[in-house]
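A.B. asks: this one's sequence-less:
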């Protein structure tokens, strides 16, 4: 529920829909926070990786923590991974974004 709110909005209020919107906002904030961490690690690593022109990010497991019922080593259930990869592609424009088949790490390649 967003305030200020009108009488009409209150009359049409749907609790289930409101809770779903709140959950989506929380997921979006979490994905943004994880992306900020990735960018910070990238920035700190750039002096040592500038010759390779590749950055390997090994914290991809943070994404699966957002997915309900997703256990360690079960990245197939990480439903938010595609959304996160899209955010990485928007942040690292023109770079190749590669996720290994086991989904244990992500590579940003700008070679």
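C.D. replies: Thanks, I have the structure now. The structure displayed is predicted, hence computed values, not measured ones.

A.B. asks: got any ranges where this structure has weak pLDDT?
C.D. replies: Per-residue confidence for the chain (pLDDT under 70) gives these ranges: 67-78.

A.B. asks: need the strands for it, in chain order.
C.D. replies: 54-57, 96-99, 106-109 (DSSP state E).

A.B. asks: Remind me what the last one packs against, helices and strands.
C.D. replies: Pointing back at strand 106-109 there. When contacts are defined as 3 or more Cβ pairs under 8 Å, 6 or more residues apart in numbering; DSSP states H and E, strand 106-109 sits against strand 54-57, helix 81-91, strand 96-99. For the C-beta atoms, the positions are set from N, CA and C on the backbone; glycine is no exception.

A.B. asks: Next one: residue 51 relative to residue 91, how far apart?
C.D. replies: 22 Å (Cβ to Cβ, to the nearest Å).

A.B. asks: Likewise for residue 37?
C.D. replies: 12 Å.

A.B. asks: swap in residue 42?
C.D. replies: Counting by Cβ to Cβ, the separation of residue 42 from residue 91 is 9 Å.

A.B. asks: Ok, residue 52 next?
C.D. replies: For residue 52, the distance to residue 91 equals 19 Å [Cβ to Cβ].

A.B. asks: Thanks again, I'm all set now.
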